[in-house]
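>>> Next input, structure requested:
(one chain, ligands or ions: 1)
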Amino acid sequence: MSTGTGSLTALQDCGVLQQEVSLAEFTTWRVGGPAQWLAEPTNTDQIPGLLQWARERGLPVQMIGAGSNLLIADGGLPGLTLCLRRLQGSELNAETGRIRAAAGEPLPTLARRAAKAGLQGMEWAVGIPGTVGGAAVMNAGAQGGCTAEQLIGVDVIRLSDPQPTITHISRDELAFSYRHSALQSSQHLVVAAEFQLESGHDPAELQRRTSGNLNHRTTTQPYKLPSCGSVFRNPEPEKAGQLIESLGLKGRAIGGAQVSELHANFIVNTGDATADDIRALISLVQSEVNDAKGIALHPEVKRLGFETPD
Ligand SMILES: Cc1cc2nc3c(=O)[nH]c(=O)nc-3n(C[C@H](O)[C@H](O)[C@H](O)COP(=O)(O)OP(=O)(O)OC[C@H]3O[C@@H](n4cnc5c(N)ncnc54)[C@H](O)[C@@H]3O)c2cc1C
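Numbers count the residues shown, from 1 in each chain. Okay, here's the model as predicted:
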């Protein structure tokens with residue numbers, strides 16, 4: 001794509017690039033102000049031109065997936081917000097167990113497809129409402145499994161490249177640890193990921209296990225109200241949820257933000273929460289836990305658009 005006005009107009013005409021779009025619908029918390037510019041590329045070829053266009057105008061670039069681990073400020077985001085959730089698709093090889101998925105592929109979709117093909121290893125991922133790209137960045141995990149265990153590598157575009165091109169980064173270079181990868185501070189846009197699963201398993205058994213994992217989560221976690229999943233990292237060996245619950249903080253609210261009655265490490269939006277409500281409630285929980293237990297809770301959720309980042 002050239003960065004000329006014609007191409008830009010074409011992208012605007014087909015809805016890939018829009019101005020002043022509320023980001024509340026782009027986060028699972030349903031809060032966040034407008035993006036100055038929002039782009040939702042539908043294929044990888046559109047991305048280099050969008051990045052070049054932003055660079056020529058000196059616009060900062062932010063990347064989001066399904067927005068399921070994000071707190072976006074009420075004031076919104078300046079510059080270009082690149083949302084990858086429409087960059088979907090995956091190829092599974094039932095014989096070798098190899099999977100290649102676009103960054104915007106929903107993780108639950110991939111987990112279900114893998115189980116159906118008899119590929120073992122992603123049954124834990126079915127209840128995580130993020131994208132493949134977000135899972136690689138966050139090293140998302142559940143039920144004892146995590147992204148780093150099956151990931152072979154990611155295809156990325158470096159935001160600062162004057163001529164953006166796709167390069168591959170292998171798993172060993174990604175410094176994975178609990179809910180962390182080197183991608184969190186690298187300014188790399190993930191466009192695709194490759195996984196290695198174990199082939200030749202019984203699809204019916206894998207599908208039973210996958211559905212069981214989802215059922216367990218929907219009965220123990222508040223899936224019916226907007227949230228970002230667990231707000232705080234577990235301060236091992238303690239569990240953040242147990243610490244918060246032990247202080248009687250379940251149900252504590254600021255504005256429309258409430259510590260979930262069902263799971264104390266979730267903050268839910270009961271209807272009209274703002275990002276400021278959520279942020280204030282996060283601070284309140286942190287100071288109560290610190291005062292009572294001397295333990296510092298660190299947010300797992302990423303913040304965008306605030307003066308002080310996480
Ligand atoms: C109900 C619920 C349950 C959850 N349960 C779990 C759980 O069990 N385990 C768990 O680990 N998480 C859980 N989460 C949190 C969340 O789903 C994961 O962290 C997920 O991996 C985030 O993916 P995303 O696509 O939504 O990323 P986003 O929230 O959009 O972004 C997260 C971070 O990744 C960056 N990013 C996203 N996509 C890209 C990309 N393509 N290239 C470069 N950077 C990118 C963003 O800039 C941001 O820093 C839960 C969330 C909800 C709402």
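
>>> Provide the count of other residues in contact range of the nearest residue to Leu50 once chain neighbours are set aside.
What sits nearest to Leu50 in space, not counting adjacent residues and going by Cβ to Cβ, 6 or more residues apart in numbering, is Ala39, at 5.0 Å. To be clear about C-beta, it is placed using only N, CA and C from the backbone, and glycine gets the same treatment. Burial of Ala39 is recorded as 26 neighbouring residues (other Cβ atoms under 10 Å).

>>> before we move on, what about Gln221?
When neighbours are counted by other Cβ under 10 Å, Gln221 registers 18.

>>> Can you spell out which helices and strands pack onto the one helix or strand Gly212 maps to?
In this structure, Gly212 sits in helix 203-220 according to DSSP states H and E. Here helix 203-220 touches helix 107-116, going by 3 or more Cβ pairs under 8 Å, 6 or more residues apart in numbering; DSSP states H and E.

>>> Distance-wise, check the closest residue to Arg98 other than its chain neighbours relative to Ile99.
Closest residue to Arg98 apart from its sequence neighbours, by Cβ to Cβ, 6+ apart: Gln196 at 6.0 Å. Counting by Cβ to Cβ, to the nearest Å, the gap from Gln196 to Ile99 is 8 Å.

>>> Compare neighbour counts for the two and give me the winner.
Using other Cβ under 10 Å as the criterion, Gln196 and Ile99 rank with Ile99 on top: 26 against 17.

>>> mind listing the strands for the stretch 51-200 of the chain?
Counting by DSSP state E, counting those that start in this stretch, one finds strands in the stretch 51-200 of the chain at the ranges 61-64, 70-72, 77-83, 90-92, 98-102, 141-142, 145-146, 151-158, 166-170, 188-196.

>>> deepest of those, which one?
The highest average neighbour count among those, using mean count of other Cβ atoms under 10 Å, belongs to strand 70-72 at a mean of 26.

>>> got the residues of the protein near the ligand?
Where the chain comes near the ligand, counting by Cβ under 6 Å from any ligand atom, the residues are 28, 63-70, 84, 103, 128-131, 133-135, 137-138, 140-142, 179, 189-190, 223, 227-229, 302.

>>> how about low-confidence regions in the chain?
Confidence mapping of the chain against pLDDT under 70 gives the ranges 1-8, 10, 13-15, 309-310.

>>> per-domain residue ranges of it.
Domain assignment for the chain by automatic domain parsing gives 5-83, 90-220, 240-304.

>>> Reformat the strands of the stretch 51-200 of the chain as a markdown table; add distance to Gln12.
Shown next, in a markdown table, are the strands of the stretch 51-200 of the chain (distance: least, Cβ to Cβ, whole Å):
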| stretch | distance to Gln12 |
| --- | --- |
| strand 61-64 | 17 |
| strand 70-72 | 22 |
| strand 77-83 | 13 |
| strand 90-92 | 29 |
| strand 98-102 | 23 |
| strand 141-142 | 38 |
| strand 145-146 | 39 |
| strand 151-158 | 21 |
| strand 166-170 | 24 |
| strand 188-196 | 21 |
